[in-house]
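In: one predicted model, sequence on top.
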Amino acid sequence: MSNVHSYQFAVALFKGTRNKTGQAELSGFIGSATIINGRVCTCKHVVEAVDFSKEVILTAWDHQEMWAIFTSAIVHPKYDFAVLQPPQPPPFASLPLYEHPLPTGARVYAVGFHDDGVIPTIGGGKNFQVASRTFYGNVVRILETQSNKSPSICEISFPTHSGFSGAPLVDRTFRAVFGMVYGNLEQSIQLYSKTEVLDNEVQFSEIVSRIIELGLFHRALDIKRFLTELEVPDIQSENYSESKRGFET
């Protein structure tokens, strides 16, 4: 767990509007994002909730000490994936993509954010609170069949919670990005079934089922494909302590 503080691989995304002076003002939390070699990646359905003609997306680096503003996004034409690019590379190391096929049973952590309410400020403004959560489980299925969301169907043993769309999946050493979560799949498990035929030949049946939610994610190999297809350059900084100019407050 010590490596978590050496890298920033997950950030919360906010929606904002420009005030009369041109400054961006937060208007709400919209989801999570994964930083891969300086690129801020999230789900297409997250950025589609933003009208870039009137609104911007903001995110905070380095424990909310610096803010970056995005006025556009590069979205994949087919799959649920999008990329935001900061004004300059993040001033710290972000994690690389896992370069090997991901086996079923692999242990993974999902690190993301969820809405934790709004607190009024003394000046009459709003402070949007988000909380970070980490879920742990394993990869339960990888199917080489595409859907309208991803070129492969990859499932994890825990659901994608509200606000976690775009959150990274990382290994237990926090040294590589295994994937990025984007949705859920429901599965029904039959626990009990009983059928009776009454005297008047009316059939009576009772079925008790349990719904299991599995998370869906883009694996690293698919993310690499997305970035190539979108022609998004690698903007990872070689000097992570370089100037922080370009970030707006």
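Out: In hand now; what should we look at?
In: and what about Leu221, helix, strand or coil?
Out: State at Leu221, reduced to three classes by DSSP: H, G, I helix; E, B strand; the rest coil: helix.
In: go ahead and confirm it touches Pro101.
Out: Yes - the pair Leu221 and Pro101 passes the contact test of C-beta atoms under 8 Å, sitting 6.9 Å apart. In this view, the C-beta of every residue, glycine as well, is placed from N, C-alpha and C.
In: higher neighbour count, these two?
Out: Comparing Leu221 with Pro101 by other C-beta atoms under 10 Å, the one with more neighbours is Leu221, at 18 against 9.
In: would you mind measuring from the more buried one to Cys154?
Out: Distance, Leu221 to Cys154, using C-beta to C-beta, to the nearest Å: 10 Å.
In: which residues are common contacts for the two?
Out: Counting by C-beta atoms under 8 Å, 6 or more residues apart in numbering, the shared contacts of Leu221 and Cys154 are Leu102.
In: which residue packs closest to the residue positioned nearest the centre of the chain, ignoring adjacent ones?
Out: The structure's the chain has its C-alpha centroid closest to Gly166; by C-alpha atoms, centre = their mean the separation is 1.5 Å. Distances taken as C-beta to C-beta, 6 or more residues apart in numbering place Thr42 nearest to Gly166, at 3.4 Å, with adjacent residues excluded.
In: buried sites along stretch 138-152?
Out: Neighbour counts over stretch 138-152 (16 or more other C-beta atoms under 10 Å) mark Val139, Ile142, Lys149, Ser150, Pro151, Ser152 as buried.
In: tell me the bridge partners for the second one.
Out: This means Ile142. With DSSP bridges applied, Ile142 shows beta-bridge pairing to Cys154.
In: right, and it touches Leu221 too?
Out: No - the criterion here is C-beta under 8 Å, and Ile142 misses it with Leu221 at 9.9 Å.
In: what residues are shared contacts of those two?
Out: Counting by C-beta under 8 Å, 6+ apart, the common neighbours of Ile142 and Leu221 are Leu102.
In: now for this protein, the helix or strand with the poorest mean pLDDT.
Out: strand 177-197 (a mean of 78; mean pLDDT, DSSP states H and E).
In: this structure: strands as residue ranges?
Out: 10-18, 24-36, 39-42, 55-61, 66-70, 74-75, 82-84, 107-120, 126-143, 153-156, 168-170, 177-197, 203-219 (DSSP state E).
In: list the residues that contact the residue nearest to Ser94 when sequence neighbours are not counted.
Out: The shortest distance from Ser94 to any residue other than its chain neighbours is 4.2 Å, reached at Ile35 (C-beta to C-beta, 6+ apart). Residues near Ile35 by C-beta under 8 Å, 6+ apart: Gln8, Phe9, Ala10, Val11, Cys41, Pro90, Ser94, Leu95, Pro168.
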